[in-house]
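Chemist: Quick one: sequence plus predicted model below, questions after.
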Amino acid sequence: MNEAGPADGRAEAGRRPWVVGVSGASGTPYAAALLRGLLAAGESVDLVVSRAARLTLRDETGVSFRDGHWRSDLAAWLSRGADGTEGAFAPELSRVRYWSAGDLAAGPSSGSYPARGMVIVPASTASVAGVALGLSKDLLQRVASVTLKERRPLVVVVRETPLSGPTLRQLVALDEAGAVVLPASPAFYAGAGDLQELVDFVAGRALDAMGVGHTLYRRWRGELGGAARSAGHS
């Protein structure tokens, strides 16, 4: 069900959104940070939240995500910091359209839908397998398959450890199909001082792979000790 646009599901003239798929892996703060980054950059977003992701979201944040109340639920989710602090952010949701994961007739399920590309964040091993094998068992997997066949950017922010042999082979298959495989691995050279900054680093690297500008982390400038200086350390 789409509550943010025309009842017939057609995209508005000139609108070219990024599709953000949220799977059931742990790591919903990564998805929140990426969504906030896209909206801050002025991008339009089509959102797909899998059924498993709703359970993870409830467990990690206490926020329920319901089709009939998706806008208020999304606002509650995106307003929270990675440490659970409520009201840490004030997202603007006017450019977001939501599609139910069970709606296989949704706009983004077709290659003719004018999407810029897709990011799956976090990407579970189940979603990785489904996309690599072309299963299209739900809208998230279907849109990923469409993104690949249309040669649009697909970024897969895999969040699992350790990685088994089958999953590694599936990730190689996605890479060979043109996707960017981006493990949710925070770096420390950016001088992160809290949990949110570590989360923002991963979200920022995903935005980099999508070609979307942001200021979520301090970039490496070839200067050793830069992180300590930015934190005010001697």
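Modeler: Perfect, thanks for sending it. None of these values were measured; they are calculated from a predicted model.

Chemist: what about stretch 156-165, average pLDDT?
Modeler: The pLDDT scores in stretch 156-165 average 97.

Chemist: Just the buried positions in that stretch, please.
Modeler: For stretch 156-165, burial by neighbour count (16 or more other CB atoms under 10 Å) applies to 156-160. (Glycine included, C-beta is placed from N, CA and C.)

Chemist: For this structure, which segments count as helices?
Modeler: 28-40, 51-61, 70-78, 125-133, 139-149, 165-176, 195-210, 226-230 (DSSP state H).

Chemist: what's the closest of the ones you listed to Ser112?
Modeler: helix 139-149 (9.6 Å; CB to CB).

Chemist: Just name the shakiest helix or strand of this structure by mean pLDDT.
Modeler: Every helix and strand in the chain was compared by mean pLDDT, DSSP states H and E; the lowest is helix 226-230, with a mean of 60.

Chemist: Count the neighbours of Leu174 for me.
Modeler: Leu174 has 22 neighbours, counted by other CB atoms under 10 Å.

Chemist: just checking, it touches Ala129?
Modeler: No: with contact defined as CB atoms under 8 Å, Leu174 does not count as touching Ala129 (10.1 Å).

Chemist: Roughly how far does the residue nearest in space to the middle of the chain sit from Ala90?
Modeler: For the chain, Val121 is the residue whose C-alpha lies nearest the centre (CA atoms, centre = their mean; 3.5 Å). Computed as CB to CB, to the nearest Å, the Val121 to Ala90 distance reads 21 Å.

Chemist: same question, Ala184
Modeler: Note on Ala184: its distance to Ala90, by CB to CB, is 25 Å.

Chemist: Between the two, tell me which one has more neighbours.
Modeler: Between Ala184 and Ala90, counted using other CB under 10 Å, the more crowded position is Ala184 (24 against 9).

Chemist: quick one: contacts for that one?
Modeler: Residues near Ala184 by CB atoms under 8 Å, 6 or more residues apart in numbering: 27, 30, 121-122, 157-159, 202.

Chemist: Apply 6 Å and report the result again.
Modeler: The contact partners of Ala184, taken as CB atoms under 6 Å, 6 or more residues apart in numbering, are 27, 30, 157, 159, 202.

Chemist: Any stretches of this protein with poor pLDDT?
Modeler: Applying pLDDT under 70 to the chain picks out residues 1-11, 225-234.

Chemist: could you redo the last one with a cut-off of 80?
Modeler: Scanning the chain for pLDDT under 80 picks out the ranges 1-13, 192, 221, 223, 225-234.

Chemist: longest single strand anywhere in the protein?
Modeler: Across the chain, the longest stretch assigned as strand under DSSP state E is strand 117-123.

Chemist: Name the residues of that strand that are buried.
Modeler: Quick answer for strand 117-123 (16+ other CB under 10 Å): 117-123.

Chemist: related to what we said a few turns ago, my guess is the residue nearest to the centre of the chain contacts Val157. True?
Modeler: Yes: when contacts are counted by CB atoms under 6 Å, Val121 is listed as touching Val157 (4.0 Å).
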